[in-house]
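> dropping the sequence and predicted coords here.
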Amino acid sequence: MRLILIIGVALLFMTGVIWQALKLPPWQYPHISLFILIAYLATILGKLKIFKTDVKVIFGILLLFLYASFYSRDLYFLGYINAIILPPVVYIAMNNGTGYKTYKTILNIVLVMFIATIGVSYIERVFQFKLFMIQNDVLISEDVFEEDFRSNSLMGGPLGSSQFVLLVYASLMAMKSISQSKKIYITLFVLVSMLCFNARASTFAVMLTFSIFYFSKVTVPRLVAGVIFMFAFGFFVYYSISELGIGTRALEIFQDDSSNVRFAVFNLFGYLRFSDILWGADTFFLTKQMKHAQLDDVIIENPLLVYIFQVGVIMTTVLIVSYVTFFSKITKGLTKHQKYIIFTPTIISLLSNISVAGGSTILSYVVIIVMLVKYDSQNNTPLLALR
């Protein structure tokens, strides 16, 4: 039975690669992991443990779906199954009947995908090719120093890959079984990868996560070493951008189309009624108002705004409260410092692209890394010992 759980979790990380290899959009189908994990839960039905918090988050999600169905809200249902229904199922499955070997195997799978994703991002950037092409993403030029080249790697594109690398990085920073020196090396490898992805928000989140980890205890030697490291990294970034053309989007913040769209989308509030903001706008009206606001060809990249426009502030709040309660419960046993390390980059990552409003399994990744960090911290035998 343990094998079923491992396969279900492993496919969470590998399905994107499989869909890309088959040239299929990975988020247009209910995730196969959902069915495998439900099958696993069915095999342990007599021993199944489900807590009130699990029921509350599932109830909040179902309430959102029922509301959207009854009031003709344009929810991307298949995508939302992957984005917000799958995470509590992942948690319930991992929290029932699993031991050291299961968690160790899952961690090994995560680490293999983590290393492979970083490695492929390096190779793609150096050789200027993309292992998997994604829709509307073509190789811009054969010039090795082309400024706009972004590695896709294995997770459906630069944003998906950088999100995955960021979350696994955060979990490694939160693990007590990894030494400080090893965490510094990991940070350098991850930062180079973020520059290959040309992912601004994730690059910033990595630096912030490292700062939270490193300056947890401020001493003069640690402060001096931290300042030296920041200056060295600053020089490295400057050299990468000016001489190698890596990470150039960082210089275009507030100036490129992506940044302009993120701010322009707030103009849509001026075209909506107060009731639309509270309860969401129906599909026809929302489409019409987006045309009036000259946003009809725009993809809203902030998932919080997507939810507000589609189901309103009230139902969005219900979903947020459900998930905050859920994560508060599953992180019991972690220190405040560990929670800051994990959830600071998570929130930045969630709000910086469409992710959970487009069918991404990022919240399931968060559940898995929280469970791994918690098990590593509380067990006498750590899952990963790097000294």
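Nice, I can see it. As the structure is a computational prediction, the values presented were derived from the model and not from experiment.
> elements contacting the helix or strand containing residue 56?
For residue 56, the enclosing helix or strand under DSSP states H and E is helix 52-70. Counting contacts by 3 or more C-beta pairs under 8 Å, 6 or more residues apart in numbering; DSSP states H and E, helix 52-70 is packed against helix 77-80, helix 86-94, helix 303-330. Where you see a C-beta, it was placed from the backbone N, CA and C, and this is true even at glycine.
> try it again with 7 Å
helix 86-94, helix 303-330 (3 or more C-beta pairs under 7 Å, 6 or more residues apart in numbering; DSSP states H and E).
> for the longest one, which positions count as buried?
Going back to what we said before, that points to helix 303-330. Buried residues in helix 303-330, counted by 16 or more other C-beta atoms under 10 Å: 303, 305-312, 315-316, 318-319, 322-323, 326-327, 330.
> where do the helices of the stretch 101-250 of the chain begin and end?
158-174, 180-197, 200-214, 220-239 (DSSP state H, counting those that start in this stretch).
> state the mean pLDDT of the shortest one.
Spelled out, it's helix 200-214. Confidence for helix 200-214, expressed as mean pLDDT, is 89.
> now do that helix against helix 180-197, angle only.
170 degrees (axes from the mean of the first three to the mean of the last three C-alpha atoms, to 10 degrees).
> around residue 59, count how many other residues there are.
12 (other C-beta atoms under 10 Å).
> low-confidence stretches in the stretch 151-300 of the chain?
The stretch 151-300 of the chain contains residues with pLDDT under 70 at 217-227, 229-262, 298.
> weakest of the helices and strands packed on helix 52-70 in terms of mean pLDDT?
helix 303-330 (a mean of 90).
> may I see the buried residues of the helix or strand just after it?
Downstream of helix 303-330, the first helix or strand assigned by DSSP H and E is helix 336-352. Within helix 336-352, the residues scored as buried using 16+ other C-beta under 10 Å are 338-346, 348-350, 352.
> pLDDT-wise, what's the bottom of these?
Within the buried residues of helix 336-352, residue 352 has the lowest pLDDT, namely 82.
> secondary structure element for residue 289, which one?
helix 283-292.
> thinking again about what came up before, looking at the helices of the stretch 101-250 of the chain, which is closest to residue 358?
helix 158-174 (9.8 Å; C-beta to C-beta).
> which strands and helices sit next to that closest one?
Packed next to helix 158-174, using 3+ C-beta pairs under 7 Å, 6+ apart, are helix 100-127, helix 180-197, helix 200-214, helix 336-352, helix 362-378.
> picking up where we left off before, got JSON lines for the helices and strands packed on helix 52-70, with distance to residue 169 too?
Below are the helices and strands packed on helix 52-70 laid out as JSON lines (distance: least, C-beta to C-beta, whole Å):
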{"stretch": "helix 86-94", "distance to residue 169": "20"}
{"stretch": "helix 303-330", "distance to residue 169": "19"}
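> closest to residue 184 out of those?
The minimum distance between residue 184 and these falls on helix 303-330, with 28.0 Å, by C-beta to C-beta.
> packing partners for the closest one?
helix 52-70, helix 274-279.
> tell me what the last one is packed against?
With contacts taken as 3+ C-beta pairs under 7 Å, 6+ apart, helix 274-279 sits against helix 303-330.
> apply 10 Å and report the result again.
The contact analysis (3 or more C-beta pairs under 10 Å, 6 or more residues apart in numbering; DSSP states H and E) places helix 274-279 against helix 283-292, helix 303-330.
> closest to residue 105 out of these?
helix 303-330 (20.1 Å).
> tilt between that closest one and helix 336-352?
Going by the same axes, to 10 degrees, helix 303-330 makes 160 degrees with helix 336-352.
> what's the spacing between helix 303-330 and its chain's center?
Relative to its chain's centre, helix 303-330 lies at 16 Å (C-alpha atoms, centre = their mean, to the nearest Å).
> and for stretch 10-17?
For stretch 10-17, the distance to the chain centre is 14 Å (C-alpha atoms, centre = their mean).
> and that stretch, average pLDDT?
83.
> got a list of what the residue nearest to residue 208 when sequence neighbours are not counted touches?
Nearest residue to residue 208, sequence neighbours excluded (C-beta to C-beta, 6 or more residues apart in numbering): residue 344, at 6.1 Å. Taking C-beta atoms under 10 Å, 6 or more residues apart in numbering, we find residue 344 in contact with 170, 205, 208, 209, 211, 212.
> residue 88 now?
50, 53-58, 60-61, 322-323, 326, 330, 363-364, 367.
> apply 6 Å and report the result again.
Neighbouring residues of residue 88 by C-beta atoms under 6 Å, 6 or more residues apart in numbering: 54, 57, 58.
> how many neighbours does the last one have?
The one in question is residue 58. Using other C-beta under 10 Å, residue 58 has 18 other residues around it.
> how near is it to residue 325?
Distance, residue 58 to residue 325, using C-beta to C-beta, to the nearest Å: 12 Å.
> next one: the first one
When C-beta to C-beta is applied, the distance between residue 54 and residue 325 equals 10 Å.
> same question for residue 68.
From residue 68 to residue 325 the distance is 21 Å (C-beta to C-beta).
> equivalent analysis for residue 63, please.
14 Å.
> check residue 352 too.
Residue 352 is 24 Å from residue 325, where distance means C-beta to C-beta.
> then residue 228?
42 Å.
> cool, residue 41 as well?
For residue 41, the distance to residue 325 - C-beta to C-beta - is 21 Å.
> what's the pLDDT at the nearest residue to residue 326 once chain neighbours are set aside?
In space, and not counting its chain neighbours, residue 326 is closest to residue 57: 4.1 Å by C-beta to C-beta, 6+ apart. The score at residue 57 is 86. That number is its pLDDT.
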